[in-house]
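Student: here is my input; please provide its structure:
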Amino acid sequence: MIALRPTRRHLLTLATLTPLMAAKRMKMSLSVRVAEAFDNKEKSTKTIDELIALAKSNGYEALCMRASQAGTHTPPERIEEIASKIKAAGLAVSMITGDFAVPSNNDKGPECLRRITPYLDLADRFHSKLIRICMKKDDDIQWAQRASDEARERGIRLAHQSHCSSLFETVEGAERVLKAVGRPNFGLIYEPANWLISGQPYGRATVVRLRPYLFNFYIQNHHLTPSGKAFVDTWTKGRVPLDHIGVWEKGGVDAEDVFAGLRAVGYSGYITVHQAFGNVMPVEEAVRKSYRYLQPLTLAKRS
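Tutor: Numbers count the residues shown, from 1 in each chain. Sure, this is the predicted structure:
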């Protein structure tokens, strides 16, 4: 049997395809929220240098930036300094959340849509192509369309988290708004824990249903219990008591079911560890355990 030697054309084709094939996989990102307290999104227990080192030493490929480290309120020279440090560490910025109102999900959250330019500038400085936004009322839909149009001119996408007490508290509501905005660069940050809290189906079937809109994936974990030490307010179920648990712990989100859905749709974006560990458990331990639990789920060949 004669062994055929690859031609130069074959080698060039393989060289072209290899980066594309490598890109078709889920990537791990660490949100700077891991060093925030659950009930205080404005302060961090760690410096950006410590968070960069934490992400790098545990295998994460990106940081998800929030205003507790840098936002639209931060001087440009400080943003450039932080961006340079992240780049020098070989990390990307998977997404930016430019102010405190958006993650607080308060009535001022949607104001970012009415003045999106500073958020686009911030994303550009961090070399990020995704911005988290907030929507509370149907009136925000027209502003989301306008902001998306401006963002598209700069090659940037906007996304809303599946979040309690917002237009994205339910699966039906999220899908309705995504269709109403109707922009190719407007999508969803899929976060199953909030849909668990609000009594929504959040597993494989829902991932498949919302496939066209999957821009990012957040993961955190809660155990719903009447004796919970914390709580989340919802529009559909009122105040829901809960305890915070690690993403690797049972009794909360069925991560294996969700990841089965992500693999089924060929999701190749970021998996972002988004949990606020600041006043729950040691951050270093939680970040390490989260990666060790989640990373195999991104690769497993299960149906």
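Student: for the rest of this, base every contact and every neighbour count on C-alpha atoms.
Tutor: Fine.
Student: now Lys43, what are its backbone angles?
Tutor: phi -120, psi 150 (degrees, to the nearest 10).
Student: gap between the closest residue to it other than its chain neighbours and Asn194?
Tutor: Spatial nearest neighbour of Lys43, chain neighbours left out: Ser68 (5.5 Å); criterion: Cα to Cα, 6 or more residues apart in numbering. Taking Cα to Cα, to the nearest Å as the measure, Ser68 falls 21 Å from Asn194.
Student: residue boundaries of the strands in the stretch 51-200 of the chain?
Tutor: Residue ranges of the strands in the stretch 51-200 of the chain, as given by DSSP state E, counting those that start in this stretch, are 62-65, 92-96, 130-133, 157-161, 186-190.
Student: ranges for the helices of the chain?
Tutor: Using DSSP state H, the helices of the chain run over 8-23, 48-57, 76-88, 101-104, 111-114, 117-125, 140-152, 171-181, 192-197, 204-209, 255-264, 283-299.
Student: in the stretch 51-200 of the chain, what spans have low per-residue confidence?
Tutor: Applying pLDDT under 70 to the stretch 51-200 of the chain picks out no residues at all.
Student: what's the first-to-last distance across stretch 180-187?
Tutor: Stretch 180-187 stretches 11 Å from its first residue to its last (Cα to Cα).
Student: if we can go back for a sec, can I get the strands of the stretch 51-200 of the chain in a markdown table including mean neighbour count?
Tutor: Below are the strands of the stretch 51-200 of the chain laid out as a markdown table (neighbours: other Cα atoms under 10 Å):
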| stretch | mean neighbour count |
| --- | --- |
| strand 62-65 | 24 |
| strand 92-96 | 25 |
| strand 130-133 | 25 |
| strand 157-161 | 25 |
| strand 186-190 | 25 |
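Student: Phe231: which of the helices of the chain is closest?
Tutor: When the helices of the chain are compared by Cα to Cα, helix 192-197 sits nearest Phe231, at 9.6 Å.
Student: contacts for the closest one, please.
Tutor: Residues outside helix 192-197 that contact it (Cα atoms under 8 Å, 6 or more residues apart in numbering): 162-164, 169-171, 201-203, 218-222, 224, 232, 240, 252-253, 258.
Student: if we go to 6 Å?
Tutor: 163-164, 202, 221 (Cα atoms under 6 Å, 6 or more residues apart in numbering).
Student: again with stretch 285-299
Tutor: 26, 248.
Student: again, only this time at 7 Å
Tutor: By Cα atoms under 7 Å, 6 or more residues apart in numbering, the surrounding residues in contact with stretch 285-299 are 26, 58, 246-248, 259.
Student: the residue nearest to Lys43 and Thr47 touch, don't they?
Tutor: No. Between Ser68 and Thr47 there is no contact under Cα atoms under 7 Å: 9.8 Å.
Student: looking at these two, which one has more neighbours?
Tutor: Taking neighbours as other Cα atoms under 10 Å, Ser68 and Thr47 compare with Ser68 leading, 24 against 13.
Student: quick check: mean pLDDT across stretch 245-254?
Tutor: For stretch 245-254, mean pLDDT rounds to 95.
Student: start and end of it, how far apart?
Tutor: 13 Å.
Student: before we move on, what about stretch 125-145?
Tutor: 23 Å.
Student: pull the number of nearby residues for Ile82.
Tutor: Ile82 is flanked by 19 other residues according to other Cα under 10 Å.
Student: not counting sequence-adjacent ones, nearest residue to it?
Tutor: Ile48 (7.4 Å).
Student: ok so, going back, let me have the contacts of helix 192-197 in CSV, adding neighbour count and distance to Pro103 as columns.
Tutor: Output for the contacts of helix 192-197, formatted as CSV (neighbours: other Cα atoms under 10 Å; distance: Cα to Cα, whole Å):
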residue, neighbour count, distance to Pro103
His163, 25, 9
Cys164, 22, 11
Tyr202, 24, 21
Asn221, 28, 17
